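Asker: show me how the following folds:
(2 chains)
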Protein chains: 2
Amino acid sequence: MNFINKLNAAWAANDSLLCVGLDPDMERLPAQFRGTPDGIYRFCTAIIDATADLACAFKPQIAYFAALGAEGQLERISAYLRDKYPHIPLILDSKRGDIGATAKQYAREAYDRYGADAVTVSPYMGSDSVEPYMEWNRGVIVLCRTSNPGGSDLQFLEVDGKPLYQHVAQLVADKWNSNGQCALVVGATFPEEIHAVRAIVGDMPLLIPGIGAQGGDIEATVRAGRTDAGTGMMINSSRAILYAAPRAGEDFAAAARRVAEETRLVINAHR
Amino acid sequence: MNFINKLNAAWAANDSLLCVGLDPDMERLPAQFRGTPDGIYRFCTAIIDATADLACAFKPQIAYFAALGAEGQLERISAYLRDKYPHIPLILDSKRGDIGATAKQYAREAYDRYGADAVTVSPYMGSDSVEPYMEWNRGVIVLCRTSNPGGSDLQFLEVDGKPLYQHVAQLVADKWNSNGQCALVVGATFPEEIHAVRAIVGDMPLLIPGIGAQGGDIEATVRAGRTDAGTGMMINSSRAILYAAPRAGEDFAAAARRVAEETRLVINAHR
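Answerer: Numbering: from 1, shown residues only, chains lettered A, B, ... in the order given. Below you'll find the model as predicted:
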């Protein structure tokens, strides 16, 4: 099943637009997972088990694995997810972008090595840096308007009376999405910009980071980004779920589940 | 020693502006290196040994390692280079770009795990996606004008009467380079644009891919990019050197050395 169909099915099956980000920061892991060879694997799979019926996607951030030389644990986490929850899309967040011959190697990394259903990519190097991914019938999620403060440095520069990120949205909608494999990253910290992107790209799915630890407003995000079907979004939360403060009697996984459930509830109240 | 000083010393020691790119494509390796666990390591270190007195830098492209799950071999190649040729800068070509917390993980990957002297990064996510790298006193090489055909899709969009890539050059020169750690990627396929970037950034080093397999003109490149000192460039060749066709009696390493020597000679004729 291709990414867009799988995502549609997951939205429906779990009644959820919540994407759970897997950013295993060794300094923030519960004590029992630190300093052991497979601690990251055990932590991430416990989070997956605790939230798999509440999420429309899981999104490991490869930087956290690469910094530790823990690609092997990411391979095992990906295999676990595909095996135990094959209906939930796996998004590899790696934001690669390079010339065609190199992009093909990155596509192999994402789709063949990790078995990802979709991968995030940077648009800065243009069409032939994205094309190689299209050979696989999977998802390609292009950075458009990012949630960080510095995102405006380039993305808000004005081109023909419109900010650059809107040109990226138009380029993806008009050209790069010819096979219907694309989605866009648009940060929750800018709801009016989500609205502008939604107006350009029709029903194309949006991956929306920036709620939770980054402070984006869920209601404004959902109102700006929802499609007529009340879906169209993967609203990502990573740190707020992974490192939720347990209440009395809770462990980290129960706390993560509680926050994921609350987040899904707030999202669904505004769909 | 920081990256810029190390690069200056390597330019002088080897009388060379040639950067040798390490893109080990399994399908193109000589037969004796294919299908063995450490074939990539043995191939890349043989290339390093054959060209270390001709190069101002080595630049492994991480995608080729990531596609194969061969990060361990990249670690060993990096250690070999640092140990045996500590005066030659190691540039990790990974073109990462992400929010601050994530960028810090990528900086750890490049500088701590691989011991790189410099790393390539994408500017699309702006200042706070580059800042974390500055905590290490190493090099940060920002994508500006790339050598691939699709590079124009975004980089040539007009902002205030100038193409976007010139804004990136200005941004790096005026703001991001406050500690003198930055360099820029500008493709050899566009000599007049190298010239425009050189006019904006003064003596800042330029990493210039696109000669060799990509067809850029060496003379035009050198004339456009040289500084008053006759340096200022890391002119990269990867495939043309790695996969040079051996003449009668040559092996792959001798052929690589011959092409590297010829390339250095042509570059130096126009400095």
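
Asker: hang on, residue A:107 in a helix?
Answerer: Yes: note on residue A:107: a helix contains this position according to DSSP: H, G, I helix; E, B strand; the rest coil.

Asker: is it true that it touches residue A:118?
Answerer: No: using Cβ atoms under 8 Å as the test, residue A:107 is too far from residue A:118 to be in contact (11.4 Å). C-beta here means a position set from N, CA and C on the backbone, and glycine is covered the same way.

Asker: shaky segments in chain A?
Answerer: A:213-215 (pLDDT under 70).

Asker: who's more crowded, residue A:107 and residue A:118?
Answerer: Using other Cβ atoms under 10 Å in any protein chain shown as the criterion, residue A:107 and residue A:118 rank with residue A:118 on top: 30 against 25.

Asker: beta partners of the more buried one?
Answerer: residue A:91, residue A:139 (DSSP bridges).

Asker: go ahead and confirm it touches residue A:89.
Answerer: Yes: Residue A:118 sits in contact with residue A:89 when judged by Cβ under 8 Å, with a separation of 6.4 Å.

Asker: list residues touching both of the two?
Answerer: A:3, A:139 (Cβ atoms under 8 Å, 6 or more residues apart in numbering or on different chains).

Asker: which SSE is the residue in the stretch 151-271 of chain A positioned nearest to chain B in?
Answerer: Residue nearest to chain B within the stretch 151-271 of chain A (Cβ to the nearest Cβ): residue A:153, separated by 3.3 Å. Assigning secondary structure by DSSP states H and E places residue A:153 in helix A:152-155.

Asker: mind giving me the packing neighbours of the helix or strand following that helix?
Answerer: Once the chain leaves helix A:152-155, the next helix or strand it forms, by DSSP H and E, is strand A:158-159. On a contact count with 3 or more Cβ pairs under 8 Å, 6 or more residues apart in numbering or on different chains; DSSP states H and E, strand A:158-159 meets strand B:158-159.

Asker: quick one: the strands in chain A, in order.
Answerer: A:18-22, A:57-60, A:91-96, A:118-121, A:139-145, A:158-159, A:162-163, A:182-186, A:206-208, A:233-237 (DSSP state E).

Asker: so what are the sheet partners of the first one and their directions?
Answerer: Applying DSSP bridges, strand A:18-22 is found paired with strand A:57-60 (parallel), strand A:233-237 (parallel).

Asker: what's the angle between that strand and strand A:91-96?
Answerer: Put simply, strand A:18-22 runs at 60 degrees to strand A:91-96, going by axes from the mean of the first three to the mean of the last three Cα atoms, to 10 degrees.

Asker: cool, and the longest one?
Answerer: In this structure, strand A:139-145 runs at an angle of 60 degrees to strand A:91-96, with the same axes, to 10 degrees as the basis.

Asker: who's in contact with residue A:270?
Answerer: Here residue A:270 is in contact with A:218-219, A:222-223, A:226 (criterion: Cβ under 8 Å, 6+ apart).

Asker: and with 7 Å instead?
Answerer: A:219, A:222-223 (Cβ atoms under 7 Å, 6 or more residues apart in numbering or on different chains).

Asker: narrow the residues you listed to just the buried residues.
Answerer: The neighbour-count test (16 or more other Cβ atoms under 10 Å in any protein chain shown) applied to these identifies residue A:222 as buried.

Asker: next step: the contacts of residue A:270 restricted to helices.
Answerer: Among the contacts of residue A:270, the ones falling in helices (DSSP state H) are A:219, A:222-223.

Asker: just the closest of these to residue B:78, please.
Answerer: Using Cβ to Cβ, residue A:222 comes nearest to residue B:78 of the ones in helices among the contacts of residue A:270, at 45.6 Å.

Asker: what's the distance between the residue nearest to the closest one when sequence neighbours are not counted and residue A:226?
Answerer: Distances taken as Cβ to Cβ, 6 or more residues apart in numbering or on different chains place residue A:270 nearest to residue A:222, at 4.0 Å, with adjacent residues excluded. When Cβ to Cβ, to the nearest Å is applied, the distance between residue A:270 and residue A:226 equals 8 Å.

Asker: again, but for residue A:27
Answerer: Following Cβ to Cβ, the distance that separates residue A:27 from residue A:226 is 36 Å.

Asker: who's more crowded, those two?
Answerer: residue A:226 (19 against 5).

Asker: right, and the residue of the stretch 151-271 of chain A closest to chain B touches residue B:126 too?
Answerer: Yes: with contacts counted by Cβ atoms under 7 Å, residue A:153 reaches residue B:126, the gap being 3.3 Å.

Asker: residue A:70 and residue A:38 touch, don't they?
Answerer: No: assessed by Cβ under 7 Å, residue A:70 is found out of contact with residue A:38, at 9.2 Å.

Asker: neighbour count for the two, which is higher?
Answerer: Taking neighbours as other Cβ under 10 Å, residue A:70 and residue A:38 compare with residue A:70 leading, 22 against 13.

Asker: helices of the stretch 151-271 of chain A, start to end?
Answerer: A:152-155, A:164-171, A:191-201, A:218-225, A:239-242, A:252-269 (DSSP state H, counting those that start in this stretch).

Asker: dump the ones you listed to TSV, plus distance to residue A:102.
Answerer: Output for the helices of the stretch 151-271 of chain A, formatted as TSV (distance: least, Cβ to Cβ, whole Å):
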stretch	distance to residue A:102
helix A:152-155	22
helix A:164-171	21
helix A:191-201	27
helix A:218-225	32
helix A:239-242	31
helix A:252-269	36
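
Asker: let me know which of those helices is the nearest to residue A:233.
Answerer: Nearest of those (Cβ to Cβ): helix A:218-225, 4.8 Å.

Asker: who's in contact with the closest residue in space to residue A:237 that isn't next to it in sequence?
Answerer: Excluding the flanking residues, the one nearest residue A:237 by Cβ to Cβ, 6+ apart is residue A:212, at 4.0 Å. By Cβ under 7 Å, 6+ apart, the residues touching residue A:212 are A:237-240.

Asker: need the buried ones from the residues you listed selected in PyMOL.
Answerer: Written as a PyMOL command, the selection of buried residues from the contacts of residue A:212, which uses 16+ other Cβ under 10 Å, is:
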select buried, chain A and resi 237+238+240
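
Asker: name the nearest of the contacts of residue A:212 relative to residue A:9.
Answerer: residue A:237 (21.2 Å).

Asker: wait, the closest one sits on residue A:21?
Answerer: Yes: the pair residue A:237 and residue A:21 passes the contact test of Cβ under 7 Å, sitting 6.5 Å apart.

Asker: go ahead and confirm residue A:190 touches residue A:145.
Answerer: Yes: Residue A:190 lies in contact with residue A:145 (Cβ under 7 Å); the separation is 6.2 Å.

Asker: so between these two, which is more surrounded?
Answerer: Each of residue A:190 and residue A:145 has its neighbours counted (other Cβ under 10 Å); residue A:145 has more, 27 against 24.

Asker: that's all I had, so thanks and see you.
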